[in-house]
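**Student:** Here is a sequence together with a model predicted from it:
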Amino acid sequence: MLQKVKIQKVLGALLVVTFLAGGLSLAAATKVHAASRAATPASAPVMVNINKAGVEELDKVRGIGPAMARRIIDFRTANGPFKSVDDLVQVRGIGGSKLQKIKDQITV
């Protein structure tokens, strides 16, 4: 991650030098800079234990809102702890597609 930040700083400086040298229009420089900023995640991905998390923690997972978090907790309360993250497909509203999108953010 630190290396990525250093590379971004170098590319940003190169972008400014290219613009000042007349090799890049202001509009193009702005688009390039905005695209490089958008490609960088604001923070590290969240890793949430689905057997211990409350509504607020589960809500931090991209793709799970408060209603889905409540359903996960209700299912866990009624059926006991999840044995695997794949067990989430048993919760109403979580299918294979949704599971694949959130799988890198959850653990048991």
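**Tutor:** All right, it came through fine.
**Student:** who touches the closest residue to residue 84 other than its chain neighbours in this structure?
**Tutor:** Leaving aside its sequence neighbours, residue 84 sits nearest to residue 108 (Cβ to Cβ, 6 or more residues apart in numbering; 6.2 Å). Placement of C-beta: from N, CA and C, glycine included. Taking Cβ atoms under 8 Å, 6 or more residues apart in numbering, we find residue 108 in contact with 49-51, 81-85.
**Student:** give me that answer again for 10 Å
**Tutor:** Neighbouring residues of residue 108 by Cβ atoms under 10 Å, 6 or more residues apart in numbering: 49-52, 81-88.
**Student:** swap in residue 54?
**Tutor:** By Cβ under 10 Å, 6+ apart, the neighbours of residue 54 are 48, 69-70, 73.
**Student:** Retrieve the pLDDT associated with the closest residue to residue 79 other than its chain neighbours.
**Tutor:** With sequence-adjacent residues excluded and distances taken as Cβ to Cβ, 6+ apart, residue 79 is closest to residue 90, at 7.7 Å. We have a pLDDT of 97 for residue 90.
**Student:** any idea how far residue 90 is from residue 74?
**Tutor:** Separation of residue 90 from residue 74 (Cβ to Cβ, to the nearest Å) stands at 12 Å.
**Student:** And the protein, split by domain according to the record?
**Tutor:** 2-38, 48-107 (automatic domain parsing).
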